[in-house]
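>>> With the sequence up front, the predicted model follows.
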Amino acid sequence: MRHARSIAGYAAVAAAVPYFVLKIIWLSGGTVGMTAGTPLGAEFDALNAFTFLMDAVAIGVALAMTRSWGMRLPAPVVLFPMWVGTGFLATIVVGVPIATAVSAARGDNIFATDGASLVQPWVYEMVYAGFIVQGVSLMTAFFLYSRARWPRLPEGTRSSELGKLQKQLGIGAAGLAALLGVLHLFWALGGTAGLPAQYIATSAFTGRFMDFVFGGLSILGAVGVFRLVRRRGSRWTAVLLVWVGAATNFSWGFWVTLNMLTDSPLTAGTREMGLLGLVNLARLLAGMLMGVVAAVDLAAARDTELQQATAEKQAPAGQQASADQRDERLAV
């Protein structure tokens, strides 16, 4: 398993290199892959610097999951960037290959650009191919890393006060995520209510299909939160659904909101956003709340297990032996 984790981690690093190098070229003043419509300047440099940093963090996380020192890092140092990365990459891994195949069957190229595009088609092809490989490799490495570092999820019980508050927050977050998911599915099926005229005019199959992916993952995340706080079904399944659904809402909600607030080159000329601005802010908040609810649940359960383990060590010898036998059965 260690060997497989190393292969997956280094594959993620290799997949990130082309994008990483391209950003270095652009930040150094190069114009490789750009079009005449690329708005060079401080805002474009800031956007490239930010995405360069994101890719550098992804490379660091991939290396952490391949090396022994990665096992000693504080859990949040690995979990938070991996969670954010999952949100960005999962939708690309799921959506882009299918959208590309369907569009190709219809005689279209989703990477084809017009004169208003910031970069040339080959840049999109290279970048998204790298994202797909990086996403699959990184999530594979993370799965193997998690199984090695945390072989099982804590199953401790919560205090009544924490449980009540967490359940209320969780149900609220699940309701918001479900509502956002239904709205995206409505747009995916051809609905236009709340969308700006520019988006409606330029929207094609790819945009509609990505709305379907966003909507589906948001609803799955809502189901996961509900199952987690209500203690329904497999805990692993619930955590997995929350992980992907919450990350998708948080990452893309954050990204779109950030670009809108800074009027970056990616959103230039799209001030009339209809409901999209509010929806993406709601996605950011829903994803954050879902993630916090899941994190608090796991942390509280882990604290309970540690307290129980401490109490068992302090128990009389006969009782401690019984506890040790129970632990051995659980570990089998």
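Right, received. Where do you want to start?

>>> And the strands in the stretch 151-300 of the chain, which stretches?
When assigned using DSSP state E, counting those that start in this stretch, the stretch 151-300 of the chain turns out to have no strands.

>>> show me what contacts the closest residue to Tyr10 other than its chain neighbours?
Among residues not flanking Tyr10 along the chain, Thr66 sits closest, at 6.2 Å (Cβ to Cβ, 6 or more residues apart in numbering). For every residue, glycine as well, the C-beta is placed using N, CA and C. In this structure, Thr66 makes contact with Arg5, Ser6, Gly9, Tyr10, Ala141, judged by Cβ atoms under 8 Å, 6 or more residues apart in numbering.

>>> For my notes, confirm Thr66 occurs in a strand.
No - counting by DSSP: H, G, I helix; E, B strand; the rest coil, Thr66 falls outside a strand, being coil.

>>> can you list the domains in this protein?
For the chain, automatic domain parsing gives the domain ranges 1-151, 158-303.

>>> What distance do you get for the most centrally placed residue in the chain to Gln166?
A centroid search over the chain (Cα atoms, centre = their mean) returns Gly87, at 1.4 Å, as the residue closest to the centre. Using Cβ to Cβ, to the nearest Å, we find Gly87 at a distance of 22 Å from Gln166.

>>> Also Leu183?
As judged by Cβ to Cβ, Leu183 and Gln166 stand 26 Å apart.

>>> quick one: contacts for the nearest residue to Arg208 once chain neighbours are set aside?
Counting by Cβ to Cβ, 6+ apart, Ala188 is the residue found nearest to Arg208 once chain neighbours are left out, at 5.1 Å. For Ala188, the contacting residues are Arg208, Phe209, Asp211, Phe212, Gly215, taking Cβ under 8 Å, 6+ apart as the criterion.

>>> Quick check: of those, which lies closest to Val293?
Proximity of the contacts of Ala188 to Val293 was ranked by Cβ to Cβ; the top entry is Gly215 with 20.7 Å.

>>> neighbours of that closest one, just the number please.
Neighbour count of Gly215, defined by other Cβ atoms under 10 Å: 21.

>>> contacting residues around the closest residue to it other than its chain neighbours?
Excluding its sequence neighbours, the residue lying closest to Gly215 (Cβ to Cβ, 6+ apart) is His184, at 3.2 Å. Shown in contact with His184 (Cβ under 8 Å, 6+ apart): Asp211, Phe212, Phe214, Gly215, Ser218.

>>> From Asn249, how far out is His184?
Applying Cβ to Cβ, one obtains 10 Å for the distance of His184 from Asn249.

>>> Same question for Met1.
Separation of Met1 from Asn249 (Cβ to Cβ) stands at 31 Å.

>>> out of these two, which sits in the more crowded spot?
Taking neighbours as other Cβ under 10 Å, Met1 and Asn249 compare with Asn249 leading, 32 against 9.

>>> I'd say that one and Gly87 touch.
Yes - counting by Cβ atoms under 8 Å, Asn249 does reach Gly87; the two are 7.3 Å apart.

>>> Touching both of those two, which residues are there?
Gly287.

>>> rewinding a little: now list the buried members of the contacts of Thr66.
Among the contacts of Thr66, those that count as buried by neighbour count (16 or more other Cβ atoms under 10 Å) are Arg5, Gly9, Ala141.

>>> Now do the last one, the pLDDT please.
Note for Ala141: predicted pLDDT of 95.

>>> does it sit in a helix or strand, and which one?
Element membership of Ala141 [criterion: DSSP states H and E] is helix 121-149.

>>> Buried residues, that helix. List them.
123-124, 126-128, 130-142, 144-145.

>>> how about low-confidence regions in the stretch 201-332 of the chain?
Confidence mapping of the stretch 201-332 of the chain against pLDDT under 70 gives the ranges 201-203, 267-274, 301-332.

>>> Would you state the helices of it in chain order?
Using DSSP state H, counting those that start in this stretch, the helices assigned to the stretch 201-332 of the chain run over residues 205-230, 235-262, 276-313, 317-331.

>>> Ramachandran angles for Trp150?
phi -130, psi 80 (degrees, to the nearest 10).

>>> Next up, the contacts around it.
Counting by Cβ under 8 Å, 6+ apart, Trp150 has no contacts.

>>> quick one: pLDDT of it?
86.

>>> Thr248 and Asn48, how far apart?
Where Asn48 is concerned, Thr248 sits at a distance of 24 Å (Cβ to Cβ).

>>> Over to Phe250?
Distance, Phe250 to Asn48, using Cβ to Cβ: 23 Å.

>>> ok, these two, which is more surrounded?
The neighbour count for Phe250 versus Asn48, taken as other Cβ under 10 Å, is higher for Phe250 (25 against 17).

>>> Next up, the contacts around the closest residue to that one other than its chain neighbours.
By the measure of Cβ to Cβ, 6+ apart, the closest residue to Phe250 outside its immediate chain neighbours is Gly287, 2.8 Å from it. Gly287 makes contact with Gly87, Ala177, Gly221, Ala246, Ala247, Thr248, Asn249, Phe250, Ser251, Gly253, Phe254 under the criterion Cβ under 8 Å, 6+ apart.
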